[in-house]
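> pasting a predicted model and its sequence here:
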Amino acid sequence: MIVRPDTGQLAEAARAAGKKGPPPVHLWNPPFCGDLDMRIARDGTWFYLGTPIGRHELVKLFSTIIRRDGDDYFLVTPVEKVGITVDDAPFVAVDFNPVEGGLEFVTNVGDRVVAGPEHPIRVTRDAETGEPSPYVLIRRNLEALIDRKSFYRLVELGGTEDVDGTDWFGIRSGGVFFAIIPAAELAG
């Protein structure tokens, strides 16, 4: 069932809840109110009723109340929970910079995290094409797809390390080595 709640009410609830930092959406358990015709495309574009949301501040606001439960995504306020569609990941890591202790990633909605034990990097590969899809954990089971230009920059910084008896190519951040691809596949 697709519902059409007032997005203005959702935005107002998000503003009120997030006045002192990100709201604790993981603690809220409001009733499910149905699915909202809202979608986040793989490139990070948010759509409402099939139209891109043009106000970046509104997108940033909605991004503070997104939650993932299992494979499903929701916008959650203290009083309502609506389902939304996410094509791949809810965020896109659009850049990164070396900082003390690792690599700090920046998302399309302004989140900043340093990759490490709390914010791991993972890479999946398409079974047919072998094309990599790299992700970094941004907050409580919400990831950002690392954009292509940033991934190429990461590869330039990478090196090989032994992981359980196999040489892997990857990157190091926050004291952790993140394996990207077996080193043997690079030579082939």
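That came through fine.
> show me where pLDDT drops low in this protein?
1-20, 187-188 (pLDDT under 70).
> which residues of it fall in helices?
In order along the chain, the chain carries the following helices (DSSP state H): 7-17, 56-63, 148-157, 183-187.
> which residues are contacting the third one?
This means helix 148-157. Judged by CB atoms under 8 Å, 6 or more residues apart in numbering, the contacts made with helix 148-157 from elsewhere in the structure are Ala93, Val94, Asp95, Phe96, Leu103, Phe105, Pro132, Pro134, Ile146, Ile171, Ile180. For the C-beta atoms, the positions are set from N, CA and C on the backbone; glycine is no exception.
> just the buried residues of those residues.
With neighbours counted using 16 or more other CB atoms under 10 Å, the contacts of helix 148-157 contain these buried positions: Ala93, Val94, Phe96, Leu103, Phe105, Pro134, Ile146, Ile171, Ile180.
> ok, Pro90 to Thr64 distance?
Using CB to CB, to the nearest Å, Pro90 is found at 11 Å from Thr64.
> more neighbours: which of the two?
Pro90 (25 against 19; other CB atoms under 10 Å).
> could you pull up the residues touching that one?
In this structure, Pro90 makes contact with Ile40, Ser63, Ile66, Arg68, Tyr73, Leu142, Glu143, Ala144, judged by CB under 8 Å, 6+ apart.
> ok, Ala127 next?
For Ala127, no residue meets the contact criterion (CB under 8 Å, 6+ apart).
> the one 10 residues further on now?
Listed by CB under 8 Å, 6+ apart, the contact partners of Leu137 are Val113, Glu118, His119, Pro120, Glu143.
> buried subset of these, written for ChimeraX?
Buried members of the contacts of Leu137, identified by 16+ other CB under 10 Å, are gathered into one ChimeraX selection as follows:
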select :113,119,143
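> for Phe169, name its beta-bridge partners.
With DSSP bridges applied, the residues forming beta bridges to Phe169 are Thr160, Ile181.
> now for it, how many residues are close by?
Applying the criterion other CB under 10 Å, we find 17 residues in the vicinity of Phe169.
> next one: Asn141
Burial of Asn141, expressed as a neighbour count using other CB under 10 Å, amounts to 11.
> make sure it is actually in contact with Gly70.
No: Asn141 lies out of contact with Gly70 (CB atoms under 8 Å); the separation is 9.5 Å.
> re earlier: need the contacts of Leu137 in TSV with distance to Pro22, can you?
As requested, the contacts of Leu137 are exported to TSV (distance: CB to CB, whole Å):
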residue	distance to Pro22
Val113	12
Glu118	15
His119	14
Pro120	19
Glu143	16
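> and the contacts of Leu137, which is closest to Asp164?
Pro120 (16.8 Å; CB to CB).
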